[in-house]
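A.B. asks: One predicted model, sequence on top.
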Amino acid sequence: MSMDLLNIARTGVLASQSQLAVTSNNIANANTEGYHRQVAQQSSLESQRMGNSFYGAGTYITDVKRIYNDYAARELRIGQTAVSEAQTTHIKMNEMDQLFSQIGKSVPQGLNDLFSGLNSLADLPDDMGIRGSVLGSASQLADSLNQMQKHLDGQMQQTNDQIAGITDRINEISKELGTINQELMKSQGEDSQLLDKQDALIQELSQYAQVTVIPLDTGAKSVMLGGAAMLVSGEVSMSVGTTAGDPYPGELQLTAMIGNQSQIIDGAKLGGQIGALFDFRENTLVPAELEVSQLALGVADAFNQANSEGFDLNGEMGQNIFKDINDPTMSVGRVGDFGANTGSANLRVNIDDVGLLEGNSYELSYTAPATYELKDSVTGSVTPLTLNGSQLDGANGFTIHLDSGAFADGDKFEIRPSSGAAASIAVEMTDAKGIAAAAPKITADATNSGNTEVEMVSIDNRADANFPLTGSELTFEINTATNMFEVFDAAGTSLGAPAAYVPPSISAHGFTFDVSSTAPATTERFTFDLSFAPGDNTNAVAMAKLSESKLMNSGGSTLADVYEGTKLSIGGKTKAAEIAVGSADAVYSQAYSRVQSESGVNLDEEAANLLRFQQAYQASARIMTTANEIFNTLFSSVR
């Protein structure tokens with residue numbers, strides 16, 4: 001019987017020793033990130049029969065169990081993905097908010113300085129110092145827009161670099177998980193340390209993208225990103241990567257192995273940090289770039305148009321102050337050609353009316369034999385276009401020109417009408433005398449239909465005998481139905497028989513003007529007085545009033561409103577991102593607390609267990625001592 005007691009005591013000591021080891025390991029790893037609490041499960045040995053009774057034979061450790069709740073771990077991964085996405089969005093939005101409100105404040109300031117200079121010019125229209133200052137302000141505004149675009153380009157590069165860096169880390173994790181899966185297959189998923197490392201890697205992965213985990217019977221885990229791309233399949237590690245954007249190479253795309261092929265996946269749908277970066281780039285950064293360029297187009301077009309309507313100090317019609325809005329350098333990036341296109345169409349976008357642009361991008365699609373559709377990327381509305389010769393008509397504020405080649409069925413293009421303008425805007429005028437402060441006087445007859453307008457194009461010869469001056473004005477009677485005109489002097493005497501003209505221009509008596517008409521009319525009369533005086537400020541006043549004119553977004557915004565609208569939109573998104581971080585943090589904290597309550601190490605609990613198992617160890621040792629004493633007593637009695 002004493003030998004049985006020794007055996008029972010031995011099993012008790014060994015079991016208590018194991019319990020103490022497991023508890024000690026829990027305590028030692030209390031602060032180890034990703035460690036899951038372990039518990040030694042203890043069972044009694046099979047009892048033995050002696051006579052008519054069964055006696056216990058001791059105890060043993062059946063298993064060292066890792067405390068793990070799959071549901072809680074999944075909720076923690078979801079919470080991690082959400083909080084990482086929210087934090088990344090907030091960081092990027094905060095950077096943009098700082099860019100527009102701090103660094104970018106030179107843009108509205110430059111616009112204000114330009115209008116302030118024009119107000120001063122209106123007071124002294126022939127002052128060369130003020131004229132030079134106006135040109136300087138125009139140059140400063142153009143430089144501010146250039147710098148703003150450079151900062152936005154920097155944000156684009158930084159975002160692309162972050163995406164590339166995350167994909168590199170994802171691939172490293174993929175390889176590590178594949179190696180761990182190989183080892184777990186050997187132990188059938190029994191190695192707690194490997195399982196902890198596996199979970200820690202998957203948890204880190206969930207920062208970068210939404211993760212779907214598929215447990216395998218072999219003890220390994222397959223992992224998918226966003227439910228769309230397999231990253232780890234058993235011991236096989238796959239990879240994600242980046243490639244040049246399509247149709248804009250500077251906007252990286254994400255690739256993943258699907259089957260045996262590398263395919264483009266939508267990074268914005270992956271969630272986590274990488275989803276936040278793609279979403280930021282597509283829905284904030286690119287639209288902001290287009291809106292800043294929309295402002296650049298508005299500035300260039302408004303001031304060029306206004307200057308063309310007046311006389312400069314040489315008495316000539318004003319020329320462009322800024323680079324023309326349809327200059328090739330101002331139109332870079334307006335058309336993106338998708339790589340899957342099979343046609344050879346080479347397209348160009350011409351801005352016809354800046355005021356109708358909205359800073360959006362569009363998708364142009366062609367379906368044979370003759371269907372052209374333009375889809376607004378913001379509203380989703382589809383506009384049918386008509387091909388007239390080599391020009392696609394029907395878009396709002398711009399036309400698309402087919403310069404060469406031909407469309408093929410299924411061809412698609414991304415159209416960004418305002419793209420490139422902020423980077424390329426520049427002051428073209430070099431002589432301050434070219435600012436057109438004076439203005440011609442053109443009076444429409446009260447009986448006109450209102451459907452016809454005229455616009456000065458050029459002064460060809462002020463020495464012409466009939467050149468219209470104050471007191472000797474000329475009246476043009478225009479028949480837009482037959483494209484004929486007749487000229488009368490100030491006394492009402494005809495200066496010649498009616499003559500034909502080729503629309504839209506009429507050149508006569510030393511000047512040229514354009515005629516535009518929305519409906520044919522037979523007697524449209526306009527009186528011209530093209531007198532010029534250096535002190536005339538009529539056009540300077542009109543240019544200064546552009547600050548209040550709602551020239552943009554179909555008459556809904558001033559030039560300053562375009563920038564302010566973008567800044568306010570970004571500010572609103574930044575605030576929303578800040579709130580989202582708070583909400584995501586709360587959800588994550590709740591999930592983390594749940595995991596810790598089950599799998600984390602509670603030092604108070606482990607300290608109590610340590611005492612309990614120590615006492616059990618001591619009690620088992622005491623049994624061994626008792627058994628030894630009994631044996632010695634029996635041995636002594638038979639000497």
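C.D. replies: Nice, thanks for sending it over.

A.B. asks: so what does the strand or helix carrying Phe413 touch, helix or strand wise?
C.D. replies: Per DSSP states H and E: Phe413 is located in strand 412-415. On a contact count with 3 or more C-beta pairs under 8 Å, 6 or more residues apart in numbering; DSSP states H and E, strand 412-415 meets strand 335-337, strand 362-367. To be clear about C-beta, it is placed using only N, CA and C from the backbone, and glycine gets the same treatment.

A.B. asks: any residues touching it, and which ones?
C.D. replies: Applying C-beta atoms under 8 Å, 6 or more residues apart in numbering, the contact partners of strand 412-415 are 247-248, 334-338, 340-341, 345, 347, 349, 361-366, 374, 395, 400.

A.B. asks: and the helix or strand following it, what's its mean pLDDT?
C.D. replies: Using DSSP H and E, the helix or strand that follows strand 412-415 in sequence is helix 421-424. Across helix 421-424, pLDDT averages out at 96.

A.B. asks: gap between helix 421-424 and the chain center?
C.D. replies: Offset of helix 421-424 from its chain centre (C-alpha atoms, centre = their mean, to the nearest Å): 19 Å.

A.B. asks: How about stretch 21-28?
C.D. replies: Here stretch 21-28 is found 49 Å from its chain centre; the criterion is C-alpha atoms, centre = their mean.

A.B. asks: phi, psi of the residue lying closest to Pro468 once chain neighbours are set aside?
C.D. replies: Spatial nearest neighbour of Pro468, excluding adjacent residues (C-beta to C-beta, 6 or more residues apart in numbering): Leu474 at 4.0 Å. Backbone torsions for Leu474, taken as degrees, to the nearest 10, come to phi -120, psi 140.

A.B. asks: elements contacting the strand or helix carrying Thr255?
C.D. replies: Here Thr255 sits within strand 253-258, counting by DSSP H and E. Judged by 3+ C-beta pairs under 8 Å, 6+ apart, strand 253-258 is in contact with strand 229-233, strand 240-243, strand 261-265.

A.B. asks: List the neighbours of stretch 173-191 that are in contact with it.
C.D. replies: 194-195, 197-198, 201-202, 204-205, 218-221, 223, 231-232, 234-239.

A.B. asks: Stretch 493-505 now?
C.D. replies: 457, 466, 474, 479, 482-489, 508-509, 512-516.

A.B. asks: And that stretch, end to end?
C.D. replies: 23 Å (C-alpha to C-alpha, to the nearest Å).

A.B. asks: Over to stretch 524-537?
C.D. replies: Start-to-end, stretch 524-537 (C-alpha to C-alpha) is 28 Å.

A.B. asks: Give me the residue ranges of the stretch 251-400 of the chain where confidence is low.
C.D. replies: Along the stretch 251-400 of the chain, segments meeting pLDDT under 70 span 259.

A.B. asks: go again using 80 as the cut-off
C.D. replies: Low-confidence segments of the stretch 251-400 of the chain (pLDDT under 80): 257-260.

A.B. asks: what are the ranges of the strands in it?
C.D. replies: Counting by DSSP state E, counting those that start in this stretch, the stretch 251-400 of the chain has strands at residues 253-258, 261-265, 335-337, 346-351, 362-367, 371-376, 382-388, 391-393, 398-404.

A.B. asks: didn't Asp337 look like it was pressed against Pro247?
C.D. replies: Yes: under the criterion of C-beta atoms under 8 Å, Asp337 makes contact with Pro247 at 5.4 Å.

A.B. asks: Nearest to the middle of this protein, which residue? Look it up for me.
C.D. replies: Note on the chain: the residue nearest the mean C-alpha position is Arg281, at 1.8 Å, using C-alpha atoms, centre = their mean.

A.B. asks: thinking that one is in contact with Thr159, fair?
C.D. replies: Yes: Arg281 lies in contact with Thr159 (C-beta under 8 Å); the separation is 5.2 Å.

A.B. asks: Now the residue nearest to Val134 when sequence neighbours are not counted: phi and psi?
C.D. replies: Spatial nearest neighbour of Val134, chain neighbours left out: Gly117 (4.0 Å); criterion: C-beta to C-beta, 6+ apart. Gly117 adopts backbone torsions of phi -60, psi -40, taken as degrees, to the nearest 10.

A.B. asks: Tell me who's in contact with Gly117.
C.D. replies: Counted by C-beta under 8 Å, 6+ apart, Gly117 has contacts 130, 133-134, 136-137.

A.B. asks: Flag the shaky bits of the protein, pLDDT-wise.
C.D. replies: 1-4, 50-51, 188-190, 227-228, 257-260, 631, 634-635, 637-639.

A.B. asks: Name the single longest helix found in it.
C.D. replies: Taking DSSP state H as the criterion, the chain has its longest helix at helix 128-187.

A.B. asks: Can you check what angle separates that one from strand 229-233?
C.D. replies: 40 degrees (axes from the mean of the first three to the mean of the last three C-alpha atoms, to 10 degrees).

A.B. asks: and after helix 128-187, which helix or strand comes next?
C.D. replies: With DSSP H and E, the next secondary element past helix 128-187 is helix 192-208.

A.B. asks: Give me the buried stretch members for that following helix, please.
C.D. replies: Judged by neighbour count (16 or more other C-beta atoms under 10 Å), helix 192-208 contains these buried residues: 192, 194-208.

A.B. asks: cool, stretch 55-62 as well?
C.D. replies: Buried, per 16+ other C-beta under 10 Å, within stretch 55-62: 58-59, 61.

A.B. asks: same question, stretch 152-172
C.D. replies: Result for stretch 152-172 [16+ other C-beta under 10 Å]: buried residues 152, 155-156, 159-160, 162-163, 166-167, 170-171.

A.B. asks: Format the residues you listed as JSON lines; extra columns: distance to Asn94.
C.D. replies: Formatted as JSON lines, those follow (distance: C-beta to C-beta, whole Å):
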{"residue": "Leu152", "distance to Asn94": "15"}
{"residue": "Gln155", "distance to Asn94": "12"}
{"residue": "Met156", "distance to Asn94": "17"}
{"residue": "Thr159", "distance to Asn94": "14"}
{"residue": "Asn160", "distance to Asn94": "19"}
{"residue": "Gln162", "distance to Asn94": "15"}
{"residue": "Ile163", "distance to Asn94": "19"}
{"residue": "Ile166", "distance to Asn94": "19"}
{"residue": "Thr167", "distance to Asn94": "24"}
{"residue": "Ile170", "distance to Asn94": "25"}
{"residue": "Asn171", "distance to Asn94": "29"}
